[in-house]
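Asker: below are the sequence and a predicted model for it; my questions follow.
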Amino acid sequence: ADFGADEGRCVTTPVTADAARLLLNLDTGTQGELRVGLLETNGTFVAGFAPEDCVVLRTNSTHAAVMWKNRSDLSALQGHAVRLVFIGSRAKLYSYRFEASPQAITLRELPLLFADDSGIAARDGVIRVVHPARTRSAPVLEADCPWEGSRVYVYGSVYFDETAGQLRLWYMSRAHAYKGDFMLYATSQDGVTWLKPSLGLYDFEGSTANNIVFGIHSPSVLRDVREPDPAKRYKMLGAKSGGYHAAFSADGLRWTAYPKNPVLKYSDTITLAQDPINGEYLAFHKRPATVRGHGRRVVWLARSRDFQSWTEPELVFAPDSDDDIWTGGQGQRTDVYNMSVFPHAAGFIGLPTMFRVTAARRPKSELTPGQSPDDGPIDVQLVTSADGRTWQRTEPRLNVIPRGAPGTFDGGAILGVTSTAVDGEETWVYYTALTTTHGGPMPPKRLSIGRAEWRRHGFVSLDASERGRVETKPLCLGAPSLIVNA
């Protein structure tokens, strides 16, 4: 139905409201509008659902949700025959449908982010904007101890310790080329200046005067607040001896390997997350796969309820054809080096590191000790998922943690980010920064740790230039106050 410049009216034959919401396929252009009323068969409007009660629709959407001043839920009218009355001008109405009310989202400590539509029932007049982080001109943590060599990494985690009033960071070092990977521990009051305590826990070349807490590659630490056993408050996954190994700790410092190890096949990078709804442990890890004719680094997911028995891994995130548009030379491709995942109230956001392999499998004769045969820059993008298994790209595909200028501490590549974030007045994520591209020689290649900073939960926003409307899916409030970040 097309509504002209003068206000028009369209009335349907009797229909039965068989679901909780009314959705329209509607285009009002820049000057049009539409209202809807529900008319009883006796010719009177249903109380509270007259056209004058309707929130005016000004949108171009295939699923515009109709709202009335009192409510939008039609559950009380299910099975009731009504006529739909459409009143509007300069609008095109293509179709309408009834839809069941979405499942309620529980709001507790996790925010509801608008990075995708997983928590949104309907929106119009708004656009989604991805916000790159601010970064610092210098690293916040560098390799300056013998057991750190010339490289420190974060595949690990950072948490705020409410009792001690400080940040706790688990990170990794490599003392020697391709051997001597350690999980290390540091603390900070401000997130910029980090202390490396002498813990006396792990021997390095005859001394325990260091901050090493475990020997493993790519450690990812989870503080499990749901765990009833205080001895297992902290959990960790990392790569060791050709497999992914699991360990637990009461304090995050003294670690015990689980009886069953390795828990997953293959080994390299891995990050941990926990499903906020059912408490499942989620291991996003690297294992090989062939994608469009190339063997590639991609992300697989395994799930567990006890940290010992894990589901068969499933491939959940790989580069698509758009990621390879830049390629031209032999062996060139895009890989996903790793992906850290953060839950929110309606789903997950991911920060995959996209590796543009410009030179692949260079012969050993061309490499210096510790130099990788694959070279190219690595950038961090943002992706979203409602369930942690099916991921959507955000467009445009911005580098959400921008690399620095060539020659700076983070000018070559960003190898990975912490698998947790710190939320205060700002949101902080720590990242592994490379002075060169992935396969640069050492020296000059050095790895250090930088900090990316957003406004609190400010990865993505919904922006309205004039007037917009956003309707969330049903919410179950777990606290007496509702806080809006706007």
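Answerer: Arrived safely, thanks for sending. Numbers count the residues shown, from 1 in each chain.

Asker: okay, CA-based contacts and neighbour counts for the rest of this
Answerer: OK.

Asker: next SSE downstream of the helix or strand harbouring residue 244?
Answerer: Per DSSP states H and E, residue 244 falls inside strand 243-249. As assigned by DSSP H and E, the chain's next helix or strand after strand 243-249 is strand 255-257.

Asker: where does this structure have low pLDDT?
Answerer: By pLDDT under 70, the weakly predicted segments of the chain are 70-71, 177-178.

Asker: quick one on the thing from earlier: partner strands of the strand holding residue 244, parallel or antiparallel?
Answerer: Paired neighbours of strand 243-249 in the sheet (DSSP bridges): strand 234-240 (antiparallel), strand 255-257 (antiparallel), strand 264-265 (antiparallel).

Asker: which residues sit against the first one?
Answerer: What that stands for is strand 234-240. With contacts defined as C-alpha atoms under 8 Å, 6 or more residues apart in numbering, strand 234-240 is touched by 216-224, 244-252, 267-272.

Asker: is it possible to mark the buried ones in those residues?
Answerer: Neighbour-count burial (16 or more other C-alpha atoms under 10 Å) applied to those gives 216-224, 244-250, 252, 267-272.

Asker: returning to what we had before: now render the strands paired with strand 243-249 as a markdown table, adding mean neighbour count.
Answerer: Converted to a markdown table, the strands paired with strand 243-249 look like this (neighbours: other C-alpha atoms under 10 Å):
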| stretch | mean neighbour count |
| --- | --- |
| strand 234-240 | 25 |
| strand 255-257 | 17 |
| strand 264-265 | 18 |
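
Asker: format the ones you listed as JSON lines; extra columns: distance to residue 388.
Answerer: Shown next, in JSON lines, are the strands paired with strand 243-249 (distance: least, C-alpha to C-alpha, whole Å):
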{"stretch": "strand 234-240", "distance to residue 388": "18"}
{"stretch": "strand 255-257", "distance to residue 388": "27"}
{"stretch": "strand 264-265", "distance to residue 388": "18"}
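
Asker: to residue 352, which of those strands lies closest?
Answerer: Smallest distance to residue 352 across the strands paired with strand 243-249 (C-alpha to C-alpha): 17.9 Å, for strand 234-240.

Asker: gap between the closest one and the chain center?
Answerer: Taking C-alpha atoms, centre = their mean, to the nearest Å, one finds the center of strand 234-240 at 20 Å from the center of the full chain.

Asker: give me the phi and psi for residue 231.
Answerer: phi -70, psi -20 (degrees, to the nearest 10).

Asker: ok, residue 232 next?
Answerer: The phi/psi pair for residue 232 (degrees, to the nearest 10) is phi -120, psi 30.

Asker: thought it was touching residue 252?
Answerer: No: checked against C-alpha atoms under 8 Å, the pair residue 232 and residue 252 is beyond contact range at 9.3 Å.

Asker: check which helix or strand the most centrally placed residue in the chain maps to.
Answerer: In the chain, the residue lying closest to the centroid (C-alpha atoms, centre = their mean) is residue 349, at 1.8 Å. According to DSSP H and E, residue 349 maps onto strand 347-357.

Asker: for that strand, buried residues please.
Answerer: Those would be 347-357, for strand 347-357 by 16+ other C-alpha under 10 Å.

Asker: now do stretch 137-145
Answerer: So for stretch 137-145, counting by 16+ other C-alpha under 10 Å, buried means 139-143.

Asker: pick out whichever of those residues sits closest to residue 365.
Answerer: Checking the buried residues of stretch 137-145 one by one against residue 365 (C-alpha to C-alpha), the nearest turns out to be residue 143, at 27.9 Å.

Asker: do I have it right that that closest one meets residue 149?
Answerer: Yes: using C-alpha under 8 Å, residue 143 is in contact with residue 149, at 6.4 Å.

Asker: what do those two both touch?
Answerer: Contact criterion C-alpha under 8 Å, 6+ apart; residues shared by residue 143 and residue 149: residue 173.

Asker: partners of the strand holding residue 349 in the sheet?
Answerer: strand 333-344 (antiparallel), strand 378-380 (antiparallel), strand 383-385 (antiparallel).

Asker: using PDB, write out every CA atom in that strand.
Answerer: Extracted in PDB, the C-alpha atoms of strand 347-357 (Å, rounded to 0.1, in the frame of the first residue of the first chain):
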ATOM      1  CA  GLY A 347      26.000 -12.800  23.400                       C
ATOM      2  CA  PHE A 348      29.700 -12.400  22.700                       C
ATOM      3  CA  ILE A 349      32.100 -10.000  20.900                       C
ATOM      4  CA  GLY A 350      35.400 -11.300  19.500                       C
ATOM      5  CA  LEU A 351      38.700  -9.600  18.700                       C
ATOM      6  CA  PRO A 352      40.300 -11.800  16.000                       C
ATOM      7  CA  THR A 353      43.800 -11.100  14.900                       C
ATOM      8  CA  MET A 354      43.800 -11.100  11.100                       C
ATOM      9  CA  PHE A 355      47.200 -12.200   9.700                       C
ATOM     10  CA  ARG A 356      47.900 -11.100   6.100                       C
ATOM     11  CA  VAL A 357      50.500 -13.600   5.100                       C
END
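
Asker: which residues touch that strand?
Answerer: So strand 347-357 is contacted by 115, 118-119, 331-343, 374-388, 414-417 (C-alpha under 8 Å, 6+ apart).

Asker: neighbours of the nearest residue to residue 323 once chain neighbours are set aside, how many?
Answerer: Using C-alpha to C-alpha, 6 or more residues apart in numbering and skipping the chain neighbours, the partner closest in space to residue 323 is residue 334 (6.1 Å). Neighbour count for residue 334, taken as other C-alpha atoms under 10 Å: 27.

Asker: in contact with residue 334, which residues?
Answerer: Contacts of residue 334 by C-alpha under 8 Å, 6+ apart are 296, 319, 323-324, 354-357.

Asker: so what touches the strand holding residue 244?
Answerer: Taking C-alpha under 8 Å, 6+ apart as the rule, strand 243-249 contacts 231-239, 255-258, 261-268, 307-308.

Asker: swap in 6 Å and give it another go.
Answerer: Residues outside strand 243-249 that contact it (C-alpha atoms under 6 Å, 6 or more residues apart in numbering) are 231-232, 234-238, 255-258, 261-267.

Asker: same question, stretch 154-170
Answerer: Under the criterion C-alpha under 6 Å, 6+ apart, residues 171, 184-189, 218-221, 417-420, 431-432 lie in contact with stretch 154-170.
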